[in-house]
Each structure stands twice: as C-alpha cells, then as structure tokens.
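Here's a sequence, model it:
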Amino acid sequence: MTFEDLINDIANYESVDLEFKSAKGGLPQSMWETYSSFANTQGGVIYLGVKEKNHHFSVDGLTREQIEDYKKLLWDGLNNRQKTSHNLLEMEDDIEALETTDGWVLRINVPRADLTVRPIYINGNREAVYKRKNEGDYLCQDKDIRRMYAESNILEVSQDSGILKGFSFENDIDPQSFREYRQIFADRKASHPWASLPDLEFLNKLGGYRVDKRTGEEGLTIAGMLMFGKYDSIVDEACIPSFFPDYREYLDSDPNARWSNRIYPDGTWEANLFQFFRRVYNRLQHALPSPFALKAGMRIEDSPTHVALREGFANSLIHCDYTVNASLITEKHRTKFVFSNPGSLLISLDQYFRGGESVCRNRALQKMFMMIGYAEKAGSGADKIWSGWKEGNFRIPSIIERDGRVILEMPLVDILSEDVKDVLLKRFGESVLKIDHNKLIALATCASDGFVTNNRMQFVLTAHPSDITDMLKDLCQEGYLIQTGFGKGTKYQLTQSLSGNKNYSIQGTSLFDYVGSSTDNLGSYSSYLGSSPDNLGGSPDNLGGSELPSKGDTIRRRREKPEQLRQRILKSCPDYIPMSEIAQRVKKNLTYLQGIISAMVAEGLLERKYPDVPTHPNQQYRAYSKDNQ
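Residues are numbered from 1 along each chain as shown. Okay, the predicted model is just below:
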C-alpha cells in the first residue's frame, strides 16, 4: 500500500468518526478512551501508527513485529474485564494491519455498542465512561452515566410503565382528553373489542393503568398521566415535575423576531400530550400543500408528506426521556419544522435510517399514539419521514444528538426550487440541467444546504454509499464540487463556476488525483482538506485556456513537492492578482488551487486585497512582504 492508498483508505470512512494515534512509543493508553467514546456514541475507526496534526498526516514507520505485538495487546485488553467492560470487536479483521511504503499501520473498527451493554467503561472503573464530541473524547458526567445505565434496561422495562402512587383516575385524569381519545379510537376501530370496555379496563389495555402481578400493586402509569393527565397532576413532584410541552411559530421574515404564536401550559387548557399533539399538529399541517388524490372515488386527505410530518412530531413525544429536563420544543418556521426532545437515540444512526428496527423508550405512549393512527409501531418511523419528504420534493430532513437532546429538522424548501435552479444556472450554465439525474440532485442539495456529505446523500438517493462516493468524486473531477475535510467531516461544496470552455471538464480537481505516494505530498493534501474555498475572483474565462495541462503534464506535476508549488505561487504574485491569474501563471487548475491558496493565506504566506471580505467578488492575492505593511 502506498501512502496514497492509505489516504484513500481513510477517505472511504466518510460517515464515521476517525481518530489517528501515534504508536511509536508503544500502544497509547488513550486508545482505550477512544474505544469507550466511539462505543458509547456512533462508532468510529482508529488508525494506530498515523500522526495527524491540523490535518497534516505522517506515518510512524512501525515494523511488522511491532504491529503484531500491538494486535496481541489489543485483543488481550479487549477480553480483559479490568481493561474494558465489553469486547465489541468480534471479527479478526476488525483489527487489521495495513502495510504502507512508509511503515505499518493498524486500523481498528469500533462499532456503536448495543443498548444492553452500554455504557462501555475502561480500567475496571464504572465511572470511566467516555463519549465522543466533535473530535475529542470526553469523560461523561454522572448524570449521563446514570442515564446510560437506565437505558440499558429499556428493552426489559419501558420507561413509562412505572406505577404512580397516590394518583387516581377520578382525580388526576382529564375527562375531556380521555373522552376525545376514546371517540377517535371508536371512529377508527368501531369493531375492535376494546371499544366497548369500561374506562379503566380500556386504559389498562393501552398501558395507562397497570397491575403488577408480582406485588399486587396497581395504579396509573407514567404513560397514562402524560397522555391524559391534568397538567397540575403531571408536574407534581411525584410524577414528571419538569414536563413542559412548548410550541413556537416563527413566521416573521425578521430572523431576530420573537415567535408569532405560541402554545404552552398557560393555564387555559390541560397541557397533556394528547391535547398538545392535537392542537399543534393542526397548525403544523397548514404549512403543507393540501393533498389531492382519489382512491376508489374518495379524496385522500393523508399524503405521504403529511404522514411524514405526523410521524416526525409523534416520534419526538414518544421517544422523549421524561426522567430528565422534559421540555419538549416544537417549532414551525417559514422554511422548516424543528422537533427537539430530551434524550438520546437508542439505536445507531445507521439503524435509524434503515428503519425496521425500533427500540422505544416509552412503549405505552407508542401504543396510545399508534392505536389512533398517529404513529407507526414498525421500525423507527424514519423510513416514512424520509420517503414522505422526498415525495414532497423537499430538502432531506436531518437528525442530530446535541447537548442531551435529539433534534429533527424537516426543511420546507423544494430541493429543485427556482432559487436553487437559479444558483446552479448562474454558476454552471444551462448544461448543468442536462447532467445525470442523481448528480443534479446532489448539486441541488449542495446548493440548498451549503454542502453535502456521503452520509446525507444516502437518504436522498437510493444508491450504495460507495456509488455515492464515486459520484461525488466524479463531480469534483468535473469541476462542480470541491472536497474538504476527512472522515465524518468530509464535505463537498459547490465550486464557483466551470471553465469558460463549456466543452471542457476540469481534470485533476479531486484530492485523490493530487496525492502522490510520497509523504512529501502530505502538507498540501491536508491543507486542501482543511480549508474552505475563497471566492474565485476574476473571470472564469481565465481558468487556464490552452495552458490547461495535458495528461502527461499532470503526471509530471503530481511529482512536484508541495513546497515547490507554494514557492511558485508566491513568485507568481508579487502584486495583487486574481486567483484565476495565479492559476494561469503556475499552470494549475483553479478549483485545485482554492484550498492551497486558502491555507497559504491562513499561514500568512499570502494576503488578500480585501481581508475583511474573503468572498469579495474582486478578491485578489499577493505574496506577503513586510515592505507592503
């Protein structure tokens, strides 16, 4: 494996966290902290024997003998309960030795730990639990550790099944809410055997009232109170004192304006989940186009987009962790819906997006919503959310975990709206609308979101991740996109324009065409990865013209050391000139130079004519000199 092959191997993991650790002085003990953090978050890949600093890589030069010693130490540690609480690596190739021309490297694939074995702790210390945040490993706080231990039992005991002492159906359940729910149930399932049951038996079937057969204890459950309870009873210290469902509308064009409407527990209504859902969903759905479809001569009021919206909203209530700060926040903006609830995802993001798998924190609440058609029991509901939003031609939703909350954002912007088309036409001309459909969708998504990632495109296109990677690389090579970052941080952004010669597809713009087999190429490669493009400046017709490199010339220049290219760039611009002219003078493609020039600006080697406005349309560059100051 050449160094270029190693970089390509790293680039294959665009949707996972990556960690690089030097192992020159032995197996680093911090490796176990990273193992714990990856296992407790979303998984990741560790490369031992590779140093990375500010996106600059170098290989330690480990021998085969050292690598074999490290592999044995790793397997011994993974199977030693005094080192780590659980071994997640089941296959031999989960720890793989890679031979490069500069030495051996060890690649370790760490999956997300299953719910039942989290948290993964190290050194025999149940409090030595780490989680991944940004690019670092952080020791968890006590409350986070307690939550993970509690979640590990959810498969056996639903969080909302606890019996509440001192609460009664007569005193604490809102009769109007319960009556309205029963009416909806009867309208949907008139022949269902539960429809004729007495109130308490009906509530028992739903999971809102429970009898513990082991102890004989019986009473209202947490689910029953959340769904149908009087608000004052719900927030009693013995129930869910921090419960606060909050809906906000931001329909003013001024982004700094306060909400234009709000629904929250203000004393004018019983703020339980059933009433909150009904009041808020009626306002949410008005933002969607009214469906018009006929089935057996009857108008269908429920479009896939409406189903997706309802599922997204219901999920935020069903999967909320009500044992912590139980503030539920639902927002309606002019361009998006946002659903935010306390808690964490109980399955990996990959499992969530695949659908078909569901670990529900509040199974009784799920049943209650499901029985009146407000939620799906099968899977996480993500498949309905994503497919319904695609059917509406909207930008794809996104879901993240942040600061102890799960946040689902569902944009209301057409993926190929006139604004998006206008951006693409201005940058690339009419021919952009004639390219491959999947490529056009990728460019449209990029224009809408500002960037795309492999992981994000997996939920826009029905394509394999490797095929998406190839497509995005093609778009880089064709001059439409520029790639920055690596691993989970790999992003693809639109370039400013194509070549003035519309029959010419820019060559050599992908980083993989640039990196050679020598570690001497490392500096410019990583500078390219870690920088964002400046505005191109000048006219796109100056991209290179007849001086664009031939294939042979490209091969010659791939062997040029980064420092040689940087020196040629500095010599090319003693005075301010556009980036396009620099590209002409050094005989390099403009898109290819963007990241390198941005890095040189950051390092103080080049200076901008308009330093306070990096994207100034007339931006120019010159070599830094004290005489110019």
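
Now residue 587, what are its backbone angles?
phi 60, psi 50 (degrees, to the nearest 10).

Kindly report the same for residue 80.
Dihedral angles (degrees, to the nearest 10) for residue 80: phi -110, psi 110.

what do you get for residue 386?
phi -70, psi -40.

Residue 401 now?
Per degrees, to the nearest 10, the backbone of residue 401 is at phi -110, psi 130.

Not counting sequence-adjacent ones, nearest residue to it?
Once flanking residues are discounted, residue 401 sits nearest to residue 344: 5.6 Å by C-beta to C-beta, 6 or more residues apart in numbering. All C-beta spots, glycine's among them, are computed from the backbone N, C-alpha and C.

repeat for residue 251
Leaving aside its sequence neighbours, residue 251 sits nearest to residue 260 (C-beta to C-beta, 6+ apart; 4.6 Å).

so the one you found makes contact with residue 283?
No: the pair residue 260 / residue 283 is not scored as a contact, 11.1 Å apart, by C-beta atoms under 8 Å.

who's more crowded, those two?
The neighbour comparison of residue 260 against residue 283 (other C-beta atoms under 10 Å) goes to residue 283, with 14 against 11.

which stretch of helix or strand covers that one?
Under the criterion of DSSP states H and E, residue 283 resides in helix 273-284.

which outside residues touch that helix?
Identification of contacts with helix 273-284 by C-beta atoms under 8 Å, 6 or more residues apart in numbering yields 174, 177, 180-181, 226-228, 245, 247, 249, 261, 263, 269, 309-310, 313-314, 317, 328, 330, 332, 337, 365, 368-369, 374.

and residue 72, how many neighbours does it have?
11.

brain fart, residue 587
When neighbours are defined as other C-beta under 10 Å, residue 587 has 14 of them.

now it: how far from residue 593?
Residue 587 is 11 Å from residue 593, where distance means C-beta to C-beta, to the nearest Å.

for residue 349, same thing?
For residue 349, the distance to residue 593 - C-beta to C-beta - is 35 Å.

got it, and residue 238?
Between residue 238 and residue 593 the distance is 66 Å, computed by C-beta to C-beta.

Between these two, tell me which one has more neighbours.
Higher neighbour count among residue 238 and residue 593: residue 593, with 23 against 11, using other C-beta under 10 Å.

Which secondary structure state does that one sit in?
helix (DSSP: H, G, I helix; E, B strand; the rest coil).

Name the nearest residue to it, ignoring sequence neighbours.
Closest to residue 593 by C-beta to C-beta, 6+ apart is residue 583, at 5.4 Å.

Correct me if wrong: that neighbour contacts residue 597.
No: in this structure, residue 583 is not within contact of residue 597 by C-beta under 8 Å, at 9.3 Å.

The nearest residue to residue 445 once chain neighbours are set aside: how many residues sit nearby?
Excluding its sequence neighbours, the residue lying closest to residue 445 (C-beta to C-beta, 6+ apart) is residue 452, at 5.2 Å. Neighbours of residue 452 under the rule other C-beta under 10 Å: 27.

Next one: residue 452 relative to residue 475, how far apart?
Distance from residue 452 to residue 475, counting by C-beta to C-beta: 9 Å.

Overlap of the contact sets of these two?
442, 492.
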